[in-house]
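Engineer: kindly generate the corresponding structure for this input.
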Amino acid sequence: MKYVTTVGNQEFEIEIVDEHHIRIGERLLTVDFESVSGQPVFSLILDGKSYESFVYQGDEDWEVLIRGRQYQVKIEDEREKRLKAAAGGGVAEGGEFHLKAPMPGLVVSVLVEEGQAVKKGQVMLILESMKMQNELKAPRDGVIGRVRVKAGESVEQKQSMLSLH
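Structural biologist: Predicted structure coming up:
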């Protein structure tokens, strides 16, 4: 089965060949992807290189935190993508977005305040978890709504930390 995966503004065509091989474009890669003790923590070995990632389902997309960077990932199978294109469907850039904690951690700093305009990719908050500081960025341009956390506060996984309009 082939999937169209969108990370930021880039689209990748990914084919799952078998349990340990995927094809991205023309590249065939060896993968080992295992959940670590039932948590949203995954061990990923990609062509012999080891990565630890946090993966959880967001409101609309998947949230992936790897090597200190958070990505919003949209995954559609080929059929689903063709049907949406035929129907003329698109994702609205409006509405309210809630930044939720990708994992339990400590808020190191909140770099925005209520009413502040932000640009896509701007760091809004720094969260420390497992001795790593993670920059959580704005998924789109907008205005900060309510800020629900402050520096020094502990948060639980999926806890809403701030909203963006």
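
Engineer: list the beta-bridge partners for the residue nearest to residue 69 when sequence neighbours are not counted.
Structural biologist: Leaving aside its sequence neighbours, residue 69 sits nearest to residue 135 (Cβ to Cβ, 6 or more residues apart in numbering; 7.1 Å). Bear in mind the C-beta positions are built from the backbone N, C-alpha and C, glycine included. Beta-bridge pairing for residue 135 (DSSP bridges): residue 69, residue 126.

Engineer: separation between residue 135 and residue 41?
Structural biologist: For residue 135, the distance to residue 41 equals 19 Å [Cβ to Cβ, to the nearest Å].

Engineer: name the element the residue positioned nearest the centre of the chain belongs to?
Structural biologist: Centroid check for the chain by Cα atoms, centre = their mean gives residue 63 as the closest residue, at 2.4 Å. If you go by DSSP states H and E, residue 63 is part of strand 62-66.

Engineer: any idea how far that strand is from the chain center?
Structural biologist: 3 Å (Cα atoms, centre = their mean, to the nearest Å).

Engineer: sheet-wise, list the partners of it with their directions.
Structural biologist: strand 49-57 (antiparallel), strand 69-77 (antiparallel).

Engineer: now do stretch 55-65, average pLDDT.
Structural biologist: Here stretch 55-65 scores 81 as its mean pLDDT.
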